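Peer 1: 3D model of this:
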Amino acid sequence: MENCESLKYRGVLRDARRVVVKVGTHAIATATGRPDRKILKRLVSQICRLRKNGIEVAFVSSGAVAAGVEALGLKARPRQVNDVQMCAAVGQARYINEYERLFAGEGVQIGQVLLTRADFNDRRRATNVRRVLDHLMRAGIVPVINENDAVSDEELKGSTFGDNDRLSSLITKLVCADALVLLSTVEGLLDADGRRVPEVERFSDAVKLVRAGQKGLLSKGGMDSKLAAARAACKGGANVVIANGRKPKVLDLVFSGADCGTFMPASPM
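Peer 2: As a prediction, the model looks like this:
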């Protein structure tokens, strides 16, 4: 039975008109890194339903490096920057081809947007990114966004976005989105006993729950990265949900206000 107290707060998600959906590598890839077509098709269909319901969507997708790892016959994400860039270049083509095919099947056009930290550190460049994303979404086109790993040298400086979690929070603030959904492979933020936490009102409580865990061989994020991104997005005025991207109809559930994932309300302005 759904928690009525939780639904009372989650009701704001039913009124969202512009949202950012970010999906992590392991939520859309097989164990070897290959794009999981079944999951991708399900996720794309849900994004298209949101659009048909009048919600503008910016879609941040990880997975390019992992797809490159699989395509090149590697066993794990490489350590050398040039090798990561090579994997990203190969894998990004794989994913954008899949997305182009799947969205087209739903009658929806997409636009690829690849970004680095430099695009946010310079005001003119950040303004240009905002204008591009605004124009795409208002035209009914879904921006498919990823970090531009193929040309970025920021791994050398240890300042990458962190599996696109930070990138998604920056996008959320930049386009004034009402909500950010971070899709992972777990049901949400888990407590010490492994049970899902339905809602977090204070981030000091959330920090106590997060434990360092394995990030997998193909990605560079983790729950701590998602929590940092969620905190930034909430402070920027957006509601945040962390949920399981492999769960059927997860986006339908989230934006119906159902008790799905972990909900974090926007901080008071």
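Peer 1: quick check: buried residues in the helix or strand hosting residue 99?
Peer 2: According to DSSP states H and E, residue 99 maps onto helix 81-105. For helix 81-105, burial by neighbour count (16 or more other Cβ atoms under 10 Å) applies to 83-92, 94-96, 98-99, 102-103. Using the backbone N, CA and C atoms, a C-beta is placed for each residue, glycine as well.
Peer 1: who are the contact partners of residue 99?
Peer 2: 40, 44, 61, 110, 144 (Cβ atoms under 8 Å, 6 or more residues apart in numbering).
Peer 1: just the ones in strands from the residues you listed, please.
Peer 2: Using DSSP state E, the subset of the contacts of residue 99 located in strands is 61, 110, 144.
Peer 1: isn't the last one up against residue 111?
Peer 2: Yes: counting by Cβ atoms under 8 Å, residue 144 touches residue 111, with 7.0 Å between them.
Peer 1: for those two, indicate the residue with more neighbours.
Peer 2: residue 144 (21 against 15; other Cβ atoms under 10 Å).
Peer 1: wait, is residue 247 part of a helix?
Peer 2: No: counting by DSSP: H, G, I helix; E, B strand; the rest coil, residue 247 is not found in a helix; it is coil.
Peer 1: quick one, grab the pLDDT at it.
Peer 2: pLDDT, residue 247: 96.
Peer 1: tally of neighbours for it?
Peer 2: 17.
Peer 1: how much space between it and residue 146?
Peer 2: Residue 247 sits 22 Å away from residue 146, taking Cβ to Cβ, to the nearest Å as the criterion.
Peer 1: residues contacting residue 47?
Peer 2: With Cβ under 8 Å, 6+ apart, residue 47 has these contacts: 21, 57, 59, 142, 251.
Peer 1: dump those residues to a markdown table, plus distance to residue 150 and pLDDT.
Peer 2: Below are the contacts of residue 47 laid out as a markdown table (distance: Cβ to Cβ, whole Å; pLDDT from 0 to 100):
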| residue | distance to residue 150 | pLDDT |
| --- | --- | --- |
| 21 | 23 | 98 |
| 57 | 24 | 98 |
| 59 | 19 | 98 |
| 142 | 21 | 98 |
| 251 | 28 | 98 |
